[in-house]
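**Q** Pasting the sequence and the predicted coordinates here, then a few questions.
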Amino acid sequence: MAKAKETVQKPTPLKVEDTVTQPIDGEALRAMIVEAAYLKAENRGFAPGREMEDWLEAEKEILSKFPSQAKADDDKS
């Protein structure tokens, strides 16, 4: 007896526009900032003395991608 061919439907990829409208979990947001700051440090050869600048630039960069998160954080203040 022949087996019926299974059809597997691929999930629809999320678009950036779909993901930025909802607040993101604080730990996930922090992990994204950590990674971005690390990459900034790596790109400059891990020269010491600019760690805070790396962090602040990464934070600004990531939060700009999640405007609803920045708004939610402002509301908590």
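**A** Happy to help now that I have it. Quick caveat, the model's predicted, so the values are computed rather than measured.

**Q** So in the protein, where's the weakest helix or strand by average pLDDT?
**A** helix 16-19 (a mean of 50; mean pLDDT, DSSP states H and E).

**Q** After that one, heading C-terminal, what element do we hit next?
**A** Of the helices and strands lying after helix 16-19 in sequence (DSSP states H and E), the nearest is helix 26-43.

**Q** Now that following helix: buried residues?
**A** Residues of helix 26-43 classed as buried: 29, 32-33, 36-37, 40-41 (neighbour count, 16 or more other Cβ atoms under 10 Å). For glycine as for every other residue, the C-beta is placed from the backbone atoms N, C-alpha and C.

**Q** ok, and what's touching it?
**A** 50-51, 54-55, 57-59, 61-62, 66, 69 (Cβ atoms under 8 Å, 6 or more residues apart in numbering).

**Q** Pick the one among these closest to D25.
**A** Closest approach to D25 among the contacts of helix 26-43 (Cβ to Cβ): Q69, at 9.6 Å.

**Q** Next one, pLDDT for the closest one please.
**A** Per-residue pLDDT puts Q69 at 68.

**Q** Equivalent analysis for the one 5 residues further on, please.
**A** The model reports D74 with a pLDDT of 57.

**Q** which SS class is G49?
**A** When classified by DSSP: H, G, I helix; E, B strand; the rest coil, G49 comes out as coil.

**Q** Enumerate every residue touching it.
**A** Taking Cβ under 8 Å, 6+ apart as the definition, G49 has no contacts.

**Q** Which of the contacts of helix 26-43 are buried? Put it as a PyMOL command.
**A** Of the contacts of helix 26-43, the buried ones can be selected in PyMOL as follows, counting by 16+ other Cβ under 10 Å:
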select buried, resi 54+55+58+59+62+66+69
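
**Q** will you turn the contacts of helix 26-43 into a markdown table that also has secondary structure?
**A** Listed next are the contacts of helix 26-43 as a markdown table, based on three-state DSSP:
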| residue | secondary structure |
| --- | --- |
| R50 | coil |
| E51 | helix |
| D54 | helix |
| W55 | helix |
| E57 | helix |
| A58 | helix |
| E59 | helix |
| E61 | helix |
| I62 | helix |
| F66 | coil |
| Q69 | helix |
